[in-house]
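Peer 1: Fold the following and give me the result.
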Amino acid sequence: MPPKGANLLEYSEEGRNILSKFTNAPLEGFATHAVDVSISEFMKDSTTTVEKGRDYLLWHLINVEGVLEDSAENAIIDGGYDEGIDAYLLDSEEKKIRLFQSKFGSSHSIGEVDQFVQDVIRLKEKEQSKLKRNELQYLWKILNDKKMKLELVYITDQFVDDYQNDKVRVMGRQQVYETLWERIKKPAKGQNASLRILKQPLEHKNCKVCVVSAFDLAELVEKNEHYIFESNIRKHLGGKGSINKKISKTLEEDPRNFFEWNNGITITVDDISIKNNELFLKGAQIVNGAQTSKSILDKKKKANNVDAEVLVTIIKTKDEEHQRKITKYRNSQNAVKGKDYVSLQDYFISIHHMLARFNYCFEHQQGLWLNLAPSEKINFQGDETFNKYLPDVKDRSRIKDDSAIASFVSYFIQKPNEVYGGISKYLPNGSKYETVFNDELECDYRYFLFPHLIREFAKHQLGYDRKNNQNKNKRYAQSLFVAVTARVIHKNILCKNDDFKNDIVELEKIIQNFGLSEKILRVTDRVITKFLEDSAVESKIEESNTAHNFFSNNVYSNEMLKIIDRKISQESEEIKFIKKTIFGI
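Peer 2: Below is the predicted model of the structure:
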């Protein structure tokens with residue numbers, strides 16, 4: 001999802017009043033109630049203890065771990081011979097795997113946490129050939145990869161006191177409340193910090209320009225890292241960018257020239273005071289120079305010494321809008337492009353406002369929908385035509401940003417396999433983000449709304465969801481459905497082979513005609529159904545060990561696309577009829 005920048009509540013007097021009440025008391029009022037309501041709504045159809053346990057795990061993966069629903073479905077492996085592992089999430093790019101154990105209701109006890117740790121140890125030590133499930137054999141191989149970082153997460157719906165165990169992250173109900181609230185509140189509000197300076201600062205209006213020891217700057221960052229970067233456009237890029245490498249090289253080889261060669265740091269504050277050679281900062285946020293700051297911190301951690309000086313500009317801001325403008329205009333290095341201002345809402349807040357005209361809430365800030373008052377939610381009733389694609393539930397007008405981006409990537413970029421592997425690569429700072437969200441991408445709500453409508457129709461009308469027990473693989477195929485629908489429409493009906501975004505006007509005509517659109521979506525459904533039943537595809541899924549591996553690595557390979565196109569060609573008569581209808585619109 002986009003970075004956790006300004007909350008929409010901050011854009012109105014009423015919203016700011018609401019936030020101010022909860023800044024120092026995050027676990028009161030709607031913060032906990034909204035989470036409880038979300039869980040209850042998600043699990044309303046669960047009847048047995050087993051169903052409730054599975055659905056709570058699914059809710060957690062989607063809402064706390066930030067996984068798309070079909071990917072979350074795919075991640076769950078609980079059942080017979082599961083070796084104590086209920087789900088796993090693999091990030092191949094980051095070389096990281098998260099293992100989950102979930103205990104619902106009375107099945108939870110503190111002893112189960114320790115048991116989970118022991119289960120993982122035993123799994124790693126077992127002989128691979130003795131594991132009775134293919135996905136567990138695959139998991140064993142990953143766990144024994146020395147380069148793979150491992151994180152254990154124990155989940156329960158029960159309240160758990162602070163449990164100290166450096167081997168596992170325990171997520172009880174209280175920890176969930178805290179995690180979700182931390183994502184939506186303004187993290188720097190009310191935070192105090194101090195920074196030593198080498199000389200008296202140059203002061204001008206509301207600014208102080210200072211010379212600071214790199215070591216002291218690293219101390220500031222290290223002590224306050226949990227909040228100090230939150231409003232920055234571009235967080236530290238892990239040393240991968242050319243700018244980061246140059247900063248690190250200068251610190252290593254020419255530290256005495258660092259002050260002259262580096263642009264320095266910009267920090268905004270709510271208030272500032274000075275005593276002797278020490279600044280006292282309230283609500284400090286680094287809005288420019290995150291890369292410099294983190295590179296300096298990395299150097300300090302490695303050598304416990306940084307012999308350099310840094311230019312630091314500290315600006316006392318009037319309000320949130322003032323801070324956002326400073327952040328925007330101060331950032332120019334590392335090829336920052338227009339869409340990199342997503343944390344400042346520049347791109348996605350525009351999409352939010354466009355969709356609001358159709359009475360949809362595009363949730364560009366995590367927690368936005370959950371924290372809207374009922375009186376505000378009722379304003380989002382959707383559009384009469386577009387609502388035909390959506391289920392008749394009270395939150396159907398909510399469009400989650402990560403799901404919408406996944407649908408956009410699947411439809412227009414034609415990369416459903418990469419979405420299955422994790423949407424994070426297409427979120428800001430992700431490895432594929434700038435390949436999509438660059439200056440050439442127009443700000444057009446239709447890019448996100450139309451694929452979202454297609455995904456929701458497939459999910460709720462055609463059985464591409466967790467309730468489908470007849471064709472289990474369909475529940476994992478939402479993103480595939482979106483991608484194949486685009487292939488049917490643009491390549492076979494409109495007969496275009498270039499950028500599908502160029503056909504947005506024609507696509508809009510199709511979407512506006514629900515009867516015609518439904519025919520196309522049912523064609524796609526038949527194509528996907530036949531594809532998943534094809535013997536070559538079934539063999540490929542079996543060869544991949546797990547459905548997750550198939551959908552994230554092989555589902556849109558050239559070999560599979562040939563099969564998909566063959567299944568589409570079998571619908572040629574229906575497609576000819578649809579083409580005649582479209583040309584008559």
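Peer 1: pretty sure Phe259 is touching Val312, no?
Peer 2: No: using Cβ atoms under 8 Å, Phe259 makes no contact with Val312, being 10.5 Å away. No exception for glycine: its C-beta is placed from N, CA and C like everyone else's.
Peer 1: what do these two both touch?
Peer 2: Val211 (Cβ atoms under 8 Å, 6 or more residues apart in numbering).
Peer 1: between those two, which one's more packed in?
Peer 2: In this view Phe259 and Val312 are compared by other Cβ atoms under 10 Å, and Val312 has more residues nearby, 25 against 15.
Peer 1: Show the contacting residues for the more buried one.
Peer 2: 195, 197, 209-212, 217, 264-267.
Peer 1: Just the ones of the residues you listed in helices?
Peer 2: Assigned to helices by DSSP state H, the following of these qualify: Leu217.
Peer 1: Could you list the domains of this protein?
Peer 2: For the chain, automatic domain parsing gives the domain ranges 24-184, 192-335, 347-583.
Peer 1: Same list, the ones you listed, but as CSV with mean pLDDT please.
Peer 2: Shown next, in CSV, are these (pLDDT from 0 to 100):
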stretch, mean pLDDT
domain 24-184, 84
domain 192-335, 82
domain 347-583, 89
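Peer 1: Ile314 bridge partners, please.
Peer 2: Lys208, Ile267 (DSSP bridges).
Peer 1: typo on my end, it should be Leu195
Peer 2: In this entry, Leu195 is beta-bridged to Leu279, by DSSP bridges.
Peer 1: Quickly note the distance from it to Lys294.
Peer 2: 16 Å (Cβ to Cβ, to the nearest Å).
Peer 1: cool, Gly190 as well?
Peer 2: Going from Gly190 to Lys294 by Cβ to Cβ gives 24 Å.
Peer 1: So between those two, which is more surrounded?
Peer 2: Taking other Cβ under 10 Å, Gly190 and Lys294 do not tie; Lys294 has more neighbours (23 against 12).
Peer 1: What's the local residue count around the nearest residue to Lys496 once chain neighbours are set aside?
Peer 2: Nearest residue to Lys496, sequence neighbours excluded (Cβ to Cβ, 6 or more residues apart in numbering): His490, at 4.9 Å. As a burial measure, His490 scores 23 neighbours (other Cβ under 10 Å).
Peer 1: Now do the same contact list for His490.
Peer 2: His490 neighbours (Cβ under 8 Å, 6+ apart): 496-497, 500, 503, 507.
Peer 1: Among those, the buried ones, what's the PyMOL command?
Peer 2: A single PyMOL command is used to select the members of these judged buried by 16 or more other Cβ atoms under 10 Å:
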select buried, resi 500+503+507
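Peer 1: Out of the contacts of His490, the closest to Asn417 would be?
Peer 2: Phe500 (17.0 Å; Cβ to Cβ).
Peer 1: just checking, the closest one touches Val409?
Peer 2: No: with contact defined as Cβ under 8 Å, Phe500 does not reach Val409; the gap is 11.8 Å.
Peer 1: one step back: now, the most widely separated pair of the contacts of His490?
Peer 2: Of all the pairs that the contacts of His490 form, the one spanning the most space (Cβ to Cβ) is Asn497 and Leu507, at 15.2 Å.
Peer 1: what does whichever strand or helix holds Ile568 rub up against?
Peer 2: According to DSSP states H and E, Ile568 maps onto helix 558-569. Residues from elsewhere that reach helix 558-569 (Cβ under 8 Å, 6+ apart): 484, 487-488, 492, 526-527, 530-531, 534, 536-537, 540, 554, 575.
Peer 1: and the residues you listed, which are buried?
Peer 2: Counted by 16+ other Cβ under 10 Å, those give 484, 487-488, 492, 527, 530-531, 534, 537, 540, 554, 575 as buried.
Peer 1: the strands in the stretch 151-300 of the chain, which residues?
Peer 2: Applying DSSP state E, counting those that start in this stretch to the stretch 151-300 of the chain gives strands spanning 169-171, 192-196, 202-204, 207-213, 265-269, 271-275, 278-282, 285-288.
Peer 1: Save those strands as CSV, and put in distance to Arg357 and mean neighbour count too.
Peer 2: Output for these, formatted as CSV (distance: least, Cβ to Cβ, whole Å; neighbours: other Cβ atoms under 10 Å):
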stretch, distance to Arg357, mean neighbour count
strand 169-171, 38, 19
strand 192-196, 42, 17
strand 202-204, 43, 11
strand 207-213, 39, 19
strand 265-269, 32, 24
strand 271-275, 39, 14
strand 278-282, 39, 18
strand 285-288, 31, 26
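Peer 1: what would those look like in a markdown table with distance to Gly105?
Peer 2: Output for the strands of the stretch 151-300 of the chain, formatted as a markdown table (distance: least, Cβ to Cβ, whole Å):
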| stretch | distance to Gly105 |
| --- | --- |
| strand 169-171 | 15 |
| strand 192-196 | 42 |
| strand 202-204 | 61 |
| strand 207-213 | 53 |
| strand 265-269 | 46 |
| strand 271-275 | 48 |
| strand 278-282 | 44 |
| strand 285-288 | 42 |
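Peer 1: looking at those, which is closest to Lys394?
Peer 2: Judging these by Cβ to Cβ, what sits closest to Lys394 is strand 169-171, at 27.0 Å.
Peer 1: Direction included, what does the closest one pair against?
Peer 2: strand 149-156 (parallel).
Peer 1: Any chance you could list what contacts the partner strand?
Peer 2: 56-57, 60, 65, 94-104, 108, 112-113, 116-117, 120, 143, 167-173.
Peer 1: from these, which ones fall inside strands?
Peer 2: 96-103, 169-171 (DSSP state E).
Peer 1: so which of those comes closest to Lys246?
Peer 2: Using Cβ to Cβ, these come closest to Lys246 at Lys96, 27.2 Å.
Peer 1: Name the single longest helix found in this structure.
Peer 2: helix 514-533.
Peer 1: what's the next helix or strand after that one packed up against?
Peer 2: Next along the chain after helix 514-533, taking DSSP H and E as the criterion, comes helix 535-543. Here helix 535-543 touches helix 558-569, going by 3 or more Cβ pairs under 8 Å, 6 or more residues apart in numbering; DSSP states H and E.
Peer 1: Any idea how far the helix it packs on is from the middle of the chain?
Peer 2: 31 Å (Cα atoms, centre = their mean, to the nearest Å).
Peer 1: by contact count, what packs against the following helix or strand past it?
Peer 2: Using DSSP H and E, the next helix or strand after helix 558-569 towards the C-terminus is helix 572-583. Applying 3+ Cβ pairs under 8 Å, 6+ apart, one finds that helix 572-583 contacts helix 504-512, helix 514-533.
Peer 1: neighbouring contacts of the last one?
Peer 2: Meaning helix 514-533. With contacts defined as Cβ under 8 Å, 6+ apart, helix 514-533 is touched by 385, 388-389, 454, 457-458, 461-462, 471, 473-474, 477, 480-481, 484-485, 488-489, 493, 510-511, 537-538, 560, 563-564, 567-568, 570-571, 574-575, 578, 581-582, 585.
Peer 1: If we use 6 Å, what do you get?
Peer 2: Applying Cβ atoms under 6 Å, 6 or more residues apart in numbering, the contact partners of helix 514-533 are 388, 457, 462, 473, 477, 481, 484-485, 488, 510-511, 537, 564, 567-568, 571, 574, 578, 581.
Peer 1: In CSV, list the C-alpha atoms belonging to that helix.
Peer 2: Provided in CSV are the C-alpha atoms of helix 514-533 (Å, rounded to 0.1, in the frame of the first residue of the first chain):
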residue,chain,number,x,y,z
PHE,A,514,-23.6,-3.7,-17.7
GLY,A,515,-25.5,-6.3,-19.7
LEU,A,516,-22.8,-6.4,-22.3
SER,A,517,-20.0,-6.3,-19.7
GLU,A,518,-21.6,-9.3,-17.9
LYS,A,519,-21.4,-11.4,-21.1
ILE,A,520,-17.7,-10.6,-21.4
LEU,A,521,-17.0,-11.5,-17.8
ARG,A,522,-18.8,-14.8,-18.1
VAL,A,523,-16.7,-15.5,-21.2
THR,A,524,-13.7,-14.9,-19.0
ASP,A,525,-15.1,-17.2,-16.4
ARG,A,526,-15.4,-20.0,-18.9
VAL,A,527,-11.9,-19.4,-20.1
ILE,A,528,-10.5,-19.5,-16.6
THR,A,529,-12.5,-22.6,-15.6
LYS,A,530,-11.3,-24.5,-18.7
PHE,A,531,-7.8,-23.3,-18.1
LEU,A,532,-7.6,-24.5,-14.5
GLU,A,533,-9.1,-27.9,-15.6
